[in-house]
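*Asks:* have a look at this fold, sequence not included:
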């Protein structure tokens, strides 16, 4: 039985798949299946080439072989996940290594799925479609949280930090709490949940940090939301206090206008990789993880400046 997989969102906006394999010619049927399903397929013959491709374009998903000349697919995935501008991209391993140890290494490297060769194109398409949809929904949710000025902290059932969003790290640091210490005060999460105020913290300047316990989120995890009270929490205020350099401001402005790294590089006379590095610094300063969240924050600031009659962004 043939199962069709219709792409989500705008059908004219074809999702991009980066296929990384040292023998891409052997995957011709898979490429044809993906293209017929509405995907744009890019090819890299090894891990180093894949990383260079990522400096020019950000694919929606990556299909990665594990064993290739040069760096392995596992190591390439680790580098992708270590880069703030690419860590959100789902990586599906597609390899002949079928031992349990290799499967575990693939997931430990940051992969979201593992397909053993020889691949069956319809199966890969189904897995790809599912992970692409999940990644997009996760990005939409993260963007909404980032732009709202909320920070997210995930705790295990012992109260240790298992994940912390950039915005949350920024807020914790501002109030003298080391996010790398892996613990938060017990009063923030112990014995209370359900969108109620758990613990306000006040810094000497008078701004308050509000901590809300959202209760259980997934298996043996607790979600905390933290935010600054009052006007300090506004996205525009976060952008104004981010201390972006003039060059970073230019890059962010063009990003808000929908330009790609290559477009921005051509406009500002710099390499796409340099643009990517600027974006890493911008994301860190703004406390966001995605391009769309940073762009939304910049657009909100530009709209506010225009209403006040004092535009501050390059055109």
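*Replies:* Yep, it's here. The structure presented is a predicted model; accordingly, all values stated were derived computationally and were not measured. Numbers count the residues shown, from 1 in each chain.
*Asks:* C-alpha only now, for contacts and for neighbours.
*Replies:* OK.
*Asks:* which residues touch the residue positioned nearest the centre of the chain?
*Replies:* Centroid check for the chain by Cα atoms, centre = their mean gives residue 88 as the closest residue, at 3.3 Å. By Cα atoms under 8 Å, 6 or more residues apart in numbering, residue 88 lies in contact with 81, 135, 139, 290.
*Asks:* hmm, which two among those are most spread apart?
*Replies:* 81 and 139 (15.1 Å; Cα to Cα).
*Asks:* quick one: what helix or strand has the residue lying closest to residue 289 once chain neighbours are set aside in it?
*Replies:* Among residues not flanking residue 289 along the chain, residue 283 sits closest, at 6.0 Å (Cα to Cα, 6 or more residues apart in numbering). Residue 283 belongs to helix 272-286 when assigned by DSSP states H and E.
*Asks:* so the residue nearest to the centre of the chain, which of the three states?
*Replies:* Under DSSP: H, G, I helix; E, B strand; the rest coil, the three-state class of residue 88 is coil.
*Asks:* and the pLDDT for it?
*Replies:* You'll see residue 88 listed with a pLDDT of 81.
*Asks:* distance of it from residue 160?
*Replies:* Distance of residue 88 to residue 160, computed by Cα to Cα, to the nearest Å: 23 Å.
*Asks:* and for residue 266?
*Replies:* As defined by Cα to Cα, residue 266 lies at a distance of 45 Å from residue 160.
*Asks:* compare neighbour counts for these two and give me the winner.
*Replies:* More crowded of residue 266 and residue 160, by other Cα atoms under 10 Å: residue 160, with 18 against 12.
*Asks:* please tell me how far the closest residue to the more buried one other than its chain neighbours sits from residue 227.
*Replies:* Leaving aside its sequence neighbours, residue 160 sits nearest to residue 183 (Cα to Cα, 6+ apart; 4.7 Å). Residue 183 sits 18 Å away from residue 227, going by Cα to Cα.
*Asks:* so which of these two has more stuff around it?
*Replies:* The residue with more neighbours, out of residue 183 and residue 227, is residue 227; 23 against 15, by other Cα under 10 Å.
*Asks:* helix, strand or coil for the more buried one?
*Replies:* Using three-state DSSP, the structure places residue 227 in strand.
*Asks:* please apply the same query to residue 176.
*Replies:* Strictly by three-state DSSP, residue 176 counts as coil.
*Asks:* which stretches of this protein have low pLDDT?
*Replies:* Counting by pLDDT under 70, the ranges of the chain that qualify are 1-13, 84, 142-149, 191-200, 203-206, 218-219, 230-241, 299-315.
*Asks:* all helices of it, in order?
*Replies:* For the chain, helices defined by DSSP state H occupy the ranges 28-36, 47-54, 73-82, 100-108, 121-148, 166-174, 235-240, 246-256, 261-268, 272-286, 291-307.
*Asks:* what's the closest non-adjacent residue to residue 284?
*Replies:* residue 166 (6.5 Å).
*Asks:* what residues are up against the one you found?
*Replies:* So residue 166 contacts 151, 284, 287-289 (Cα under 8 Å, 6+ apart).
*Asks:* cool, and residue 222?
*Replies:* Residues near residue 222 by Cα under 8 Å, 6+ apart: 154-157, 189, 213-216.
*Asks:* how close does the closest residue to it other than its chain neighbours get to residue 39?
*Replies:* Take residue 222 and drop its neighbours on the chain: the residue closest to it by Cα to Cα, 6+ apart is residue 216, 4.6 Å away. Using Cα to Cα, one gets 37 Å for the distance from residue 216 to residue 39.
*Asks:* distance to residue 110 added to the contacts of residue 88, as CSV?
*Replies:* Formatted as CSV, the contacts of residue 88 follow (distance: Cα to Cα, whole Å):
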residue, distance to residue 110
81, 7
135, 14
139, 17
290, 18
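*Asks:* out of these, which is most surrounded?
*Replies:* Highest neighbour count within the contacts of residue 88: residue 290, with 21 neighbours (other Cα under 10 Å).
*Asks:* and it, its phi and psi?
*Replies:* Backbone geometry at residue 290, expressed as degrees, to the nearest 10, gives phi -130, psi 160.
*Asks:* any idea how far it is from residue 86?
*Replies:* Distance, residue 290 to residue 86, using Cα to Cα: 9 Å.
*Asks:* and if you look at residue 141?
*Replies:* 17 Å.
*Asks:* circling back: for burial, what's the neighbour tally of the residue nearest to residue 222?
*Replies:* Neighbourhood size, residue 216 [other Cα under 10 Å]: 17.
*Asks:* what does stretch 242-252 rub up against?
*Replies:* Contacts of stretch 242-252 (Cα under 8 Å, 6+ apart): 264, 275, 278-279, 282, 285-286, 294-295, 298, 313-314.
*Asks:* derive a ChimeraX selection command for the buried subset of these.
*Replies:* In ChimeraX, this line selects whichever of those come out buried by 16 or more other Cα atoms under 10 Å:
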select :264,275,278,279,282,285,286,294,295,298,313
